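1. sharing a model prediction with you, sequence too.
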Amino acid sequence: MKLYYSPGACSLAAHIALAEAGVPYTTAKVDLRSHTLAGGADYYAINPKGYVPLLELDDGSRLSEVAVILQYIADRKPGTLAPAFGGMERYRQMELLNFVATELHKQFGPLWYPTTPDATKEAQREKIARRFAYLDKAFAGKPYLTGASFTAADAYLFVMLNWAGMHKVDLTPYPALREFQARVAARPAVHKVLVEEGLAKAA
Ligand SMILES: N[C@@H](CCC(=O)N[C@@H](CS)C(=O)NCC(=O)O)C(=O)O
């Protein structure tokens, strides 16, 4: 499998899932300002949507959308990063993935653009803070979102917590989330990926 990614972007969740699942993969870095690959190839020719992540499967077909890619990767190693399809636990996992995708990931969108008015940015920060407050209460006392084991949803939430630091969303009121962020960052596979993306120094 080949992951098209940009350092620190939402594609980091898929990158972490690949490393955690222990499946063989390669990566291709995308410059999201020019929508080109190293060497200048047009990324739109690979993904007409223009965004990362994109996962190229071993048969050459391509899969997009973080929440779907995460589940595809998880299902390569059943029982590790997501519960089996069909059971209620899987629907809980999908509920979390959808929550992160729509209530966090997409709410950060306007914060990336310098042209977004300050009042809009502040409104987005407040909305994101309400979602973090919900998660902080709902999952306090658990090492990971669904309990004792790290799952695909944890990888996605971890990226959102990293973005909070970049966009002045204060995590001080959410001790459970801050502990979660540190716990995930300390996982060997996660650290390896952070180093690969140039976001952390090698130990
Ligand atoms: N709906 C997509 C959104 C992906 C997305 O927002 N990707 C951002 C990086 S986090 C991106 O590549 N933006 C550049 C662009 O849209 O051109 C998904 O869930 O995968």
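-> Structure's in. What do you need? Numbers count the residues shown, from 1 in each chain.
2. show me the contacts for the nearest residue to residue 4 once chain neighbours are set aside.
-> Closest residue in space to residue 4, ignoring its immediate chain neighbours: residue 54 at 4.1 Å, by CB to CB, 6 or more residues apart in numbering. C-beta coordinates here come from the backbone N, C-alpha and C atoms, glycine included. Residue 54 is in contact with 3-4, 46-47, 62-64, counting by CB atoms under 8 Å, 6 or more residues apart in numbering.
3. residues of the helix ranked longest in the chain that come out buried?
-> Ranked by residue count under DSSP state H, the longest helix found in the chain is helix 118-138. The neighbour-count check on helix 118-138 (16 or more other CB atoms under 10 Å) flags 124-125, 128-129, 131-132, 135-136 as buried.
4. and the next helix or strand past it?
-> Toward the C-terminus, helix 118-138 is succeeded by helix 152-166 as the next helix or strand (DSSP states H and E).
5. which strands and helices sit next to that next one?
-> Helices and strands touching helix 152-166, as assessed by 3 or more CB pairs under 8 Å, 6 or more residues apart in numbering; DSSP states H and E, comprise helix 11-21, helix 66-76, helix 88-99, helix 118-138, helix 175-185.
6. quick one: it to chain centroid distance?
-> 6 Å (CA atoms, centre = their mean, to the nearest Å).
7. quick one, phi psi at the closest residue to residue 2 other than its chain neighbours?
-> Excluding the flanking residues, the one nearest residue 2 by CB to CB, 6+ apart is residue 56, at 4.1 Å. Backbone torsions for residue 56, taken as degrees, to the nearest 10, come to phi -90, psi 120.
8. tally of neighbours for residue 56?
-> Residue 56 has 18 neighbours, counted by other CB atoms under 10 Å.
9. does it really touch residue 1, like I thought?
-> Yes: if you go by CB atoms under 8 Å, residue 56 and residue 1 touch, sitting 6.5 Å apart.
10. which residues touch the residue nearest to residue 2?
-> Contacts of residue 56 (CB under 8 Å, 6+ apart): 1-4, 62.
11. beta partners for residue 27?
-> residue 3 (DSSP bridges).
12. per-residue pLDDT, it?
-> pLDDT recorded at residue 27 is 98.
13. residue 33 versus that one, what's the distance?
-> For residue 27, the distance to residue 33 equals 19 Å [CB to CB, to the nearest Å].
14. okay, those two: which has more neighbours?
-> residue 27 (17 against 7).
15. residue contacts, that one?
-> With CB under 8 Å, 6+ apart, residue 27 has these contacts: 2-5, 15, 196.
16. now tabulate those residues in JSON lines and tack on neighbour count.
-> Formatted as JSON lines, the contacts of residue 27 follow (neighbours: other CB atoms under 10 Å):
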{"residue": "2", "neighbour count": "15"}
{"residue": "3", "neighbour count": "21"}
{"residue": "4", "neighbour count": "22"}
{"residue": "5", "neighbour count": "26"}
{"residue": "15", "neighbour count": "27"}
{"residue": "196", "neighbour count": "16"}
